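J.: Got a predicted structure plus its sequence, pasted below:
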Amino acid sequence: MASEQAGGARPGSTGGTPLGSTGGTPLGSTGGARSGSTGGARSGSTRGAPPATGELPPATGPVPDGPLVRRGGISARWRHQRPAQDTRRRRRPAGSSAVTRRRPSAVARHRPSAVVRSHATPYLFILPAFVVYAAFSLYPLVRAAQFSLFEWPGFGPSTFVGLQNYVDLASDAAFLAAIGNALVLIVFYAVLPLVIGLVLAAIFRRGQVRGMGFFRSVIFLPQVIALVVVAVAWRNIYAPGGPLNEALRAVGLDGLARGWLGDPGAALPAVGFIGTWLEMGLVMLLLLAGMSRIPDDLFEAARLDGAGPVREFFAITLPSVRGEIVVALVLTIIAALKTFDLVYLTTSGGPGNATTVPSYEVYFRAFQLREVGSASAVAIVLTLLVFAINVGVTRIGERAS
């Protein structure tokens, strides 16, 4: 009887807990673990049973009855269940300090300063370039507009005439002839180079020609030659005894031989052909750059559908280079309307007014006729004409794309 009730506990229990439980936990559970788990005693187990794998051996000596002795707030029996702390020293990154520095938050580090967040900051960045542009472009334009309102020979006193200089231009035959010649030169400077450049760019894009880089350099060469050299060279070619007339006579076309720059009917086309030769290389390179961005898959799909080279050009190539065509037209139209040195060195606007252009008319009125007010009015009208034509070309290109 005494052996069954040692310490006042029921048979098979410890410390007055119910049968098969320890530390007041439900039957078959120990410290939150299920029945039969590591670290828990099974129902009806003996205190002296060998420890399970991973458990500490039981303390030697008699185990006191009653509540378990706690050391440091943890039961001595279950002390071994505490997770072992990693006593290994963690390596610090190279160059790090033992003292942990407090880093600013991500918002504080990436928050722009008040200067950056100011609305005036972008304008401060473009201010230097705008100052240079205003000093060398806007200011002369404003002064030219001011001079166009006066009658002034270039020195001495001036007389304010308002818009009279512009009114006189409307009935000035020389000015109207210069505008007409400029429009004709647009065909030679812009339209013909665009057509020829498209054909050459398509050939270079599609064909595999040996020495392709050499041919590209030769076609682009006029763009890097000084216009003075170009004008003198072509003036010698167009001379009555020049290479062009000699070649015509050699093939039996003596009737076509003439003084090209002295003939009123042939002078303007002769000057325009020089412009075609000049602008052809620039247009070709612009279009070739645009064609190089077209994926080869489009051409392969078109060939599988039975499309030939001409169909590929109009269905794939031409629509893909609309942006480059607009840029080429803008640049070449500006070159046609503002051309001066080529006309001045080849024909000086002659014979008569056959090759005069607005830029040459500005020079002629200001330095030959001493009419600075009228020359300034021509310059302003030319500026507005260039601006209007280029805006129209750009709008058409945007709508097409």
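T.: It's in.

J.: Would you mind listing where the stretch 301-401 of the chain has pLDDT under the threshold?
T.: Flagging of the stretch 301-401 of the chain using pLDDT under 70 yields the residue ranges 401.

J.: need the helices for it, in chain order.
T.: 309-312, 318-320, 322-337, 341-346, 358-363, 372-400 (DSSP state H, counting those that start in this stretch).

J.: So for residue 192, which of those sits nearest?
T.: Distance to residue 192, taken as C-beta to C-beta, is lowest for helix 322-337 among the helices of the stretch 301-401 of the chain, at 9.5 Å. (Each C-beta comes from the backbone N, C-alpha and C, glycine too.)

J.: quick revisit: buried deepest among the helices of the stretch 301-401 of the chain, which one?
T.: Among those, helix 358-363 has the highest mean neighbour count (mean count of other C-beta atoms under 10 Å), at a mean of 22.

J.: by contact count, what packs against that helix?
T.: Secondary-structure packing of helix 358-363 (3 or more C-beta pairs under 8 Å, 6 or more residues apart in numbering; DSSP states H and E): helix 173-186, helix 341-346, helix 372-400.

J.: Can you convert the ones you listed into a markdown table and add a column each for distance to residue 132?
T.: Listed next are the helices and strands packed on helix 358-363 as a markdown table, based on distance: least, C-beta to C-beta, whole Å:
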| stretch | distance to residue 132 |
| --- | --- |
| helix 173-186 | 29 |
| helix 341-346 | 24 |
| helix 372-400 | 19 |
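
J.: closest one to residue 238 among the ones you listed?
T.: So among the helices and strands packed on helix 358-363, helix 341-346 is nearest, using C-beta to C-beta, at 7.8 Å.

J.: Using CSV, write out the CA atom coordinates for that closest one.
T.: What follows is helix 341-346 as a C-alpha-only set of coordinates in CSV (Å, rounded to 0.1, in the frame of the first residue of the first chain):
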residue,chain,number,x,y,z
ASP,A,341,27.6,81.1,-101.9
LEU,A,342,26.9,78.7,-104.7
VAL,A,343,25.0,81.3,-106.7
TYR,A,344,27.4,84.1,-105.8
LEU,A,345,30.5,82.1,-107.0
THR,A,346,29.0,80.6,-110.1
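
J.: re the thing from before, select, out of the helices of the stretch 301-401 of the chain, the one closest to residue 270.
T.: Here helix 341-346 is closest among the helices of the stretch 301-401 of the chain (C-beta to C-beta), at 8.0 Å.

J.: next one: the closest one to chain centre, how far?
T.: Averaging C-alpha positions (C-alpha atoms, centre = their mean, to the nearest Å) puts helix 341-346 38 Å from its chain's average.

J.: Can you name every helix or strand that that helix contacts?
T.: The criterion is 3+ C-beta pairs under 8 Å, 6+ apart, and the helices and strands that helix 341-346 contacts are helix 227-237, helix 267-291, helix 358-363.

J.: Of the helices and strands packed on helix 358-363, which is nearest residue 322?
T.: Of all the helices and strands packed on helix 358-363, it is helix 372-400 that lies closest to residue 322, at 5.7 Å by C-beta to C-beta.

J.: Provide a list of residues in contact with residue 280.
T.: Counting by C-beta atoms under 8 Å, 6 or more residues apart in numbering, residue 280 touches 192-193, 196-197, 200, 219, 222.

J.: So, low pLDDT: which residues of the stretch 101-250 of the chain?
T.: For the stretch 101-250 of the chain, the ranges with pLDDT under 70 are 101-117, 208-209.

J.: before we move on, back to that, looking at the helices and strands packed on helix 358-363, which is closest to residue 269?
T.: Taking C-beta to C-beta, helix 173-186 is the member of the helices and strands packed on helix 358-363 nearest to residue 269, at 8.3 Å.

J.: Skip ahead from that closest one and say which helix or strand is next.
T.: The element immediately downstream of helix 173-186 (helix or strand, assigned by DSSP states H and E) is helix 192-206.
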